[in-house]
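Asker: predicted model and sequence follow; I will ask about them next.
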Amino acid sequence: MINKFIRGLTLAASLVLLPTSLFAADLNSLTSSSVEKVSSATTSVKKASATAAAATKISSIDVNSASLDQLTSISGVGPKTAQSIIDYRDQYGDFTDLKDLVNVKGIGASTLEKIMPYLSL
């Protein structure tokens, strides 16, 4: 999903930075200056995406101490699933691996894959 976002931003940045006259010109007439601008824009977009990804990891929710409200703030986790996570944690203790969440009622492999980027131990 992030890769699609990066490609979209890269394309958008490329279109913004290319001079209007290039759209009508033959593709062979691209100058190295234009190519450098596109390359520079692509690098900037990749750096911004990496920063956003790092920010997401920093703000992840600790599944072993998260409240019901914190868990339900994650897309794909409703109140019942959040309560199931808390109940499981209370019954069996702290999670030692995020993959153990598949043992919680309401969380399958697909849901786990979607929510793992937002969780930490």
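Answerer: That came through, no problem. Note that the structure is predicted; figures quoted are calculated from it, not measured. Numbering: from 1, shown residues only.
Asker: Ile115 and Gly78 touch, don't they?
Answerer: No: judged on C-beta atoms under 8 Å, Ile115 makes no contact with Gly78 at a distance of 11.4 Å. (C-beta placed from N, C-alpha, C; glycine too.)
Asker: could you check which of those two has the larger neighbour count?
Answerer: Between Ile115 and Gly78, counted using other C-beta atoms under 10 Å, Ile115 has the larger neighbour count: 21 against 12.
Asker: tell me the pLDDT of that one.
Answerer: With respect to pLDDT, Ile115 scores 96.
Asker: need the strands for the chain, in chain order.
Answerer: Counting by DSSP state E, the chain has these strands, from start to end: 61-62, 119-120.
Asker: other SSEs contacting the first one?
Answerer: The reference is to strand 61-62. If you count contacts as 3 or more C-beta pairs under 8 Å, 6 or more residues apart in numbering; DSSP states H and E, strand 61-62 packs onto strand 119-120.
Asker: can you give the strand pairings for the strand it packs on, parallel or anti for each?
Answerer: Using DSSP bridges, the strands paired with strand 119-120 are strand 61-62 (parallel).
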